[in-house]
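>>> Sequence plus the predicted model coming up.
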Amino acid sequence: MLQAIFYKEWLKLRLCWMIALAAHVAVVVYLLLSLRSTLMASGVVEVWATMIGRDVLMVNLLMYLPVITGVAVALCQWLEEMQQKRIRLTLHLPMDYTRTVGAMLGSSLVCLCALFALDAGLLAVVEQLWLPRELVWRTFLTCLPWYMAGLLGYIVTSWCILEPQWSMRCLNGLIGLPLVALCFLTAQPACYTTMLPWLVLLLVAVIWLPFYSVYRFKLGKGL
Amino acid sequence: MKNLKYLVIVLAVIVAAWLLPAFCQLLLPYAYRPPFVIYSCLDSTFIRFESQENKQMRYVDFRGREFSKAEADSLLPLFSYRQLLAEGRLPDSLYGIALTPKLIQQNAFHFKTSPKQLNKPAVGLYTMFESASGNVDLTLPPDVFRLTKDGIEFVDCETNTVNRAKSLSFSRELTKHGFIFPVRLIWGNGSTRKDYDNGFLLTDANDQLFQLKMVKGMPYVRKCENAEIVKWKNVFTLEPANRKLIGLAVSEDNRLFAVRSDATLAEIGIQDTSFVHCTSSFGTLSYNPQEMQITIVGDLLHWTVTLYTATDSRYYAVDADDFHLVAAEVVPDPQEPLSQRLMRWLLPLRLHFTSWQTQMVKPSLNDDF
């Protein structure tokens, strides 16, 4: 049954994932080419000195991409399900609804993590050819809260869409949006290292919220 | 599943505790900016530069005396020398020292740092300039160095590979002077916009203080001698025009030391409470770099050291030669406006993620400073 759910999710989201993959690879390749051209044009010594002395990392273009991806995946995954309450069919499968919804959420979260890992991996592998390990690690630490925002954006959007009542949907949005914004309080490199454990805790907490929306849906709220 | 509504409530409380105080601050902004204060060597008093609502500057001392701009300039000949020179009013000598603009300029220096500049993640890479290139302008070296467990390691920028010979040479020179790796604290000025380079001040595993710089491509190491055994908390390299100092060092117990150019240490006497004119309680008189902003405006005769804490501003005048305290004032910040106190009362739970004391993002509760 789980395999069938994963296959259904793949059929539903494959175009979305392809576009997301293309967008992420394009942005990362652009960032790397841009770094390479700056290194060639301005000189390696000057670029290193700027990156070390002025807290510049040249990856700011990546900042909002993960959260846009997370929100887009959630919209593609759940909007269709919520139109004419089609999700009722899914919830009537001979399987506990928490497992069904968990498999749907889990498959997307795993794919998002894989996409973000590809981003970070590609950046790290190529950057380490031109930059010292300290700057590569700093780039990773800077991007990490943006990837967290991608996961939070996906979960919060899913929570809002799955909520059956419009009033509660708005309230969820009012709570969820600031939680995602927590990942964008500063653009200073590596300044989220003390916040990362709290963001992980937040992620573990909010992952239950879409289940609460589905629970309310099953109770018949908003029908 | 129905218990998950409590999770939603908890998240809503967290969001409200963060956003409501932030919105209140946006609606009713309040920021106290202490005036610029400098010590007058002629009047033996501090003079405050207070900007007024009509954009005019008001010059007053802590005894309430008010001065005109011309009077203030006269009382601060080493600070306002350019104005006095333009007006033909610069005295020929001061306390037996013949004054020339060059002498005043050479002995003037400015240092400023704040907790926000210090409390941020270090990159872990440093630029070692050539200190004796013979050129007036400093140029960026072709490599940077990192600290390792048992030495320092130079990385060539063009090839991104370690220069083993140079790394070994610098590490050995440090060890030869009694340096015990790993490096615990390090500070250098990585800017090329300076007159010359004093290299780095660094402390070793045993809290001994050293100066390290590169002279003609070779390592130059000096151990800073100090009779006391001091644990260091922060070190700062300085490059003043008169070349009398290498830097500043702050001990674990928040005492401030000047590192002279002969690598000796002299404590800056800002802890001498007998000089302080303040009736309110101000705790201990010491400089905690992690919590206070410091500015030092130095001239030929005195340094005006200002410490901005979360609750008051502390002004010290110290002798520029032996750093003994000449005068001190502690001025508590004015009481916050009613709107701020009301906001605190109405919102007993205030969650902050950013602070004026650090660049790191981390949650803190009711820490409004």
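Cool, the structure landed.
>>> Which residue comes closest to the residue nearest the centre of chain B once chain neighbours are left out?
Central residue of chain B (Cα atoms, centre = their mean): B:T113, 3.1 Å from the mean position. Closest residue in space to B:T113, ignoring its immediate chain neighbours: B:I294 at 5.9 Å, by Cβ to Cβ, 6 or more residues apart in numbering or on different chains. For glycine as for every other residue, the C-beta is placed from the backbone atoms N, C-alpha and C.
>>> That neighbour: which element?
Per DSSP states H and E, B:I294 falls inside strand B:293-298.
>>> For chain A, spot the helix or strand the model is least confident about on average.
helix A:87-91 (a mean of 80; mean pLDDT, DSSP states H and E).
>>> buried ones in that one?
Buried residues in helix A:87-91, counted by 16 or more other Cβ atoms under 10 Å in any protein chain shown: A:87, A:90-91.
>>> B:S44: which of these is nearest?
Checking these against B:S44 by Cβ to Cβ gives A:I87 as the nearest, at 80.8 Å.
>>> Tell me how many other residues surround the residue lying closest to the closest one once chain neighbours are set aside.
Leaving aside its chain neighbours, A:I87 sits nearest to A:E81 (4.1 Å; criterion: Cβ to Cβ, 6+ apart). Per other Cβ atoms under 10 Å in any protein chain shown, the neighbour tally for A:E81 reads 18.
>>> Quick check on A:E81: phi, psi?
With angles defined as degrees, to the nearest 10, A:E81 sits at phi -60, psi -30.
>>> right, and it touches A:R88 too?
No: checked against Cβ atoms under 8 Å, the pair A:E81 and A:R88 is beyond contact range at 9.3 Å.
>>> The residue nearest to the centre of chain B against B:Y287, yeah?
No: checked against Cβ under 8 Å, the pair B:T113 and B:Y287 is beyond contact range at 10.4 Å.
>>> just to revisit the earlier point, roughly how far is the strand holding B:I294 from the heart of the chain?
Distance of strand B:293-298 from the chain centroid (Cα atoms, centre = their mean, to the nearest Å) equals 6 Å.
>>> ok so, going back, so what's the residue nearest to B:T113 bridging to?
Here B:I294 sits in beta bridges with B:T113, B:L307, going by DSSP bridges.
>>> How about A:L131: what's its closest non-neighbour residue?
Leaving aside its chain neighbours, A:L131 sits nearest to B:N160 (7.0 Å; criterion: Cβ to Cβ, 6+ apart).
>>> And B:E173, by the same measure?
B:P219 (3.8 Å).
>>> same thing with B:C41?
Leaving aside its sequence neighbours, B:C41 sits nearest to B:L301 (Cβ to Cβ, 6+ apart; 4.8 Å).
>>> Okay, that neighbour and A:T142: tell me how far apart.
47 Å (Cβ to Cβ, to the nearest Å).
>>> again with B:F179
Applying Cβ to Cβ to B:F179 and A:T142 gives a distance of 33 Å.
>>> what do you get for A:L179?
From A:L179 across to A:T142, the span is 20 Å (Cβ to Cβ).
>>> what does chain B have sitting close to chain A?
B:1-2, B:4-5, B:7-8, B:11-12, B:15, B:18-19, B:120-121, B:123-127, B:140-142, B:144, B:146, B:155, B:157-158, B:160, B:190-191, B:353-354, B:359-363 (Cβ under 8 Å from any Cβ of the partner chain).
>>> at 6 Å instead, please
Contact residues (Cβ under 6 Å from any Cβ of the partner chain) of chain B with chain A: B:1, B:4, B:11-12, B:15, B:19, B:121, B:123-125, B:140, B:142, B:155, B:157-158, B:190, B:353-354, B:359-363.
>>> taking the residues you listed one by one, which sit in helices?
B:4, B:11-12, B:15, B:19 (DSSP state H).
>>> And those residues, which of them are buried?
B:11, B:15.
>>> where does the chain have low pLDDT?
You didn't pick a chain, so chain A it is. A:222-223 (pLDDT under 70).
>>> sorry, should have said chain B
For chain B (pLDDT under 70), the answer is B:227, B:272-285, B:369.
>>> three-state assignment of the most centrally placed residue in chain A?
Most central in chain A under Cα atoms, centre = their mean is A:G150, positioned 2.0 Å from the mean C-alpha point. Under DSSP: H, G, I helix; E, B strand; the rest coil, A:G150 falls in the helix class.
>>> how much space between the residue nearest to it when sequence neighbours are not counted and chain B?
Here the nearest residue to A:G150 in space, its sequence neighbours aside, is A:P66; by Cβ to Cβ, 6+ apart that works out to 2.9 Å. A:P66 sits 17 Å away from chain B, going by Cβ to the nearest Cβ, to the nearest Å.
>>> burial count for A:P66?
Neighbour count of A:P66, defined by other Cβ under 10 Å: 27.
>>> In this structure it contacts A:L152, no?
No: counting by Cβ atoms under 6 Å, A:P66 does not reach A:L152; the two are 9.6 Å apart.
>>> and chain A, which residues reach chain B?
So chain A meets chain B at A:44-45, A:48-49, A:52-53, A:132, A:134, A:175, A:178, A:185-186, A:188, A:190-192, A:194-195, A:198, A:208, A:212, A:215 (Cβ under 6 Å from any Cβ).
>>> Quick one: buried ones out of those?
A:44-45, A:48-49, A:52-53, A:132, A:134, A:175, A:178, A:190-192, A:195, A:208, A:212, A:215.
>>> Just the ones of those in helices?
A:44-45, A:48-49, A:52-53, A:134, A:175, A:178, A:212, A:215.
>>> mind listing the strands in the stretch 251-369 of chain B by residue range?
Assigned by DSSP state E, counting those that start in this stretch, the stretch 251-369 of chain B shows strands spanning B:256-260, B:265-267, B:276-277, B:293-298, B:302-308, B:312-319, B:325-332, B:351-352, B:364-365.
>>> Would you mind stating the distance between the residue nearest to A:I87 and B:L209?
66 Å.
>>> Just read off the phi/psi values of the nearest residue to B:F323 once chain neighbours are set aside.
What sits nearest to B:F323 in space, not counting adjacent residues and going by Cβ to Cβ, 6+ apart, is B:I268, at 4.5 Å. For B:I268, the backbone dihedrals (degrees, to the nearest 10) come out as phi -90, psi 120.
>>> hmm, back to that, can the strands of the stretch 251-369 of chain B go into JSON lines with extra columns for mean neighbour count?
JSON lines is the format used below for the strands of the stretch 251-369 of chain B (neighbours: other Cβ atoms under 10 Å in any protein chain shown):
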{"stretch": "strand B:256-260", "mean neighbour count": "22"}
{"stretch": "strand B:265-267", "mean neighbour count": "17"}
{"stretch": "strand B:276-277", "mean neighbour count": "16"}
{"stretch": "strand B:293-298", "mean neighbour count": "20"}
{"stretch": "strand B:302-308", "mean neighbour count": "22"}
{"stretch": "strand B:312-319", "mean neighbour count": "22"}
{"stretch": "strand B:325-332", "mean neighbour count": "20"}
{"stretch": "strand B:351-352", "mean neighbour count": "19"}
{"stretch": "strand B:364-365", "mean neighbour count": "12"}
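>>> Show me where chain A has its helices.
Assigned by DSSP H, the helices in chain A fall at A:2-42, A:44-53, A:65-82, A:87-91, A:97-130, A:133-162, A:166-181, A:196-206, A:209-219.
>>> List the contacts of B:L248.
By Cβ atoms under 6 Å, 6 or more residues apart in numbering or on different chains, the contact set of B:L248 is B:F236.
>>> Residues in a beta bridge with it, which ones?
Per DSSP bridges, the residues bridged to B:L248 are B:F236, B:A258.
>>> Please tell me how far it sits from B:W232.
11 Å.
>>> Any figure for the gap between the spatially closest residue to B:Q83 that is not a sequence neighbour and B:F67?
Distance criterion Cβ to Cβ, 6+ apart; nearest residue to B:Q83, sequence neighbours excluded, is B:D73 at 5.1 Å. Per Cβ to Cβ, B:D73 is found 9 Å from B:F67.
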